[in-house]
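Give me the fold of what follows.
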Amino acid sequence: MNEQFAEKNINTLETNLTTGADPNLAVTTIPDSVQDYLGIADALYRYGTGIDLNDAALFASAFSENAVVDFSAVARKLGLELPPLLIGGENIVQHIISVAGPHTTTHVVTNPRIRVEGDTAKMLALVEATHLPPDDHSRHCLMKNRYDVDLIRDGKDWRICRLTIDTTWFTGDPQVLLSK
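Numbering: from 1, shown residues only. Purely as a prediction, here's the structure:
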């Protein structure tokens with residue numbers, strides 16, 4: 001099942017990366033300010049590192065107050081019962097840190113494609129996420145995900161206001177994500 005899923009979704013990933021939900025991200029120029037480019041990417045780094053270090057404050061710093069995280073594609077593709085949408089920065093932090101925080105995780109962010117329009121930005125990135133239960137590292141769930149991210153400028157920082165995650169392939173046991 002996973003091999004068929006992976007093969008089908010590798011083709012989907014290749015198509016999405018060339019056409020993408022937002023075709024303007026396929027041809028991205030570096031923003032006028034390198035500081036903006038780094039700050040936008042850093043929002044996603046704070047997200048991943050916050051989970052990996054079980055650091056709720058760092059994780060929270062990635063989100064705007066009214067942020068939305070959309071897990072609907074992940075839930076559908078992995079056959080999991082996940083809340084399709086998490087709404088509100090505090091709710092997102094509480095839910096994700098309580099579920100993923102105890103796990104041993106790594107989130108590797110690659111290939112950020114960024115477009116800035118004033119105080120808003122869009123980013124497409126690939127994130128490889130590995131989750132292992134805290135007491136059984138013989139089990140795992142390894143995923144390659146596409147992250148479509150909308151961000152807003154908040155003073156000197158950039159914060160995620162909408163994050164849509166779509167799994168392109170996975171291996172292992174998805175139940176690990178639910179601490180089962």
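
Select the longest strand from this protein.
Across the chain, the strand with the greatest residue count (assigned by DSSP state E) is strand 157-172.

Got phi/psi on the residue at minimal distance from the centre of the chain?
For the chain, the residue sitting closest to the mean C-alpha position, by Cα atoms, centre = their mean, is Y147 at 4.7 Å. With angles defined as degrees, to the nearest 10, Y147 sits at phi -110, psi 120.

Please apply the same query to A43.
Per degrees, to the nearest 10, the backbone of A43 is at phi -60, psi -40.

Repeat that for the one 3 residues further on.
Note on R46: its backbone torsions stand at phi -60, psi -40 [degrees, to the nearest 10].

now the helix or strand hosting V116: mean pLDDT?
Using DSSP states H and E, V116 sits in strand 104-117. Here strand 104-117 scores 94 as its mean pLDDT.

How far off centre is that strand?
In terms of Cα atoms, centre = their mean, to the nearest Å, the centre of strand 104-117 is found 8 Å from the chain centre.

Would you confirm that L142 contacts D173?
No - the pair formed by L142 and D173 falls short of the contact definition of Cβ atoms under 8 Å, at 10.0 Å. Any C-beta I mention is one placed from the backbone N, CA and C, and that applies to glycine too.

any idea how far P134 lies from H107?
To H107, P134 is 17 Å away according to Cβ to Cβ, to the nearest Å.

Show me which residues of stretch 114-124 are buried.
114-116, 121-124 (16 or more other Cβ atoms under 10 Å).

Straight-line length of that stretch, end to end?
7 Å (Cα to Cα, to the nearest Å).

Would you pull up how far that stretch lies from the middle of the chain?
Worked out by Cα atoms, centre = their mean, stretch 114-124 lies 16 Å from the chain centre.

List of residues touching stretch 52-59?
46-47, 49-51, 93, 96-97, 101-102, 105-107 (Cβ atoms under 8 Å, 6 or more residues apart in numbering).

ok, of the residues you listed, which come out buried?
By 16+ other Cβ under 10 Å, the contacts of stretch 52-59 give 46-47, 49-51, 93, 96-97, 101, 105, 107 as buried.

Now those residues in JSON lines, please, with extra columns for distance to W169 and secondary structure.
Listed next are these as JSON lines, based on distance: Cβ to Cβ, whole Å; DSSP: H, G, I helix; E, B strand; the rest coil:
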{"residue": "R46", "distance to W169": "25", "secondary structure": "helix"}
{"residue": "Y47", "distance to W169": "21", "secondary structure": "helix"}
{"residue": "T49", "distance to W169": "23", "secondary structure": "helix"}
{"residue": "G50", "distance to W169": "24", "secondary structure": "helix"}
{"residue": "I51", "distance to W169": "20", "secondary structure": "helix"}
{"residue": "V93", "distance to W169": "27", "secondary structure": "helix"}
{"residue": "I96", "distance to W169": "21", "secondary structure": "helix"}
{"residue": "I97", "distance to W169": "26", "secondary structure": "helix"}
{"residue": "G101", "distance to W169": "25", "secondary structure": "coil"}
{"residue": "T105", "distance to W169": "18", "secondary structure": "strand"}
{"residue": "H107", "distance to W169": "16", "secondary structure": "strand"}
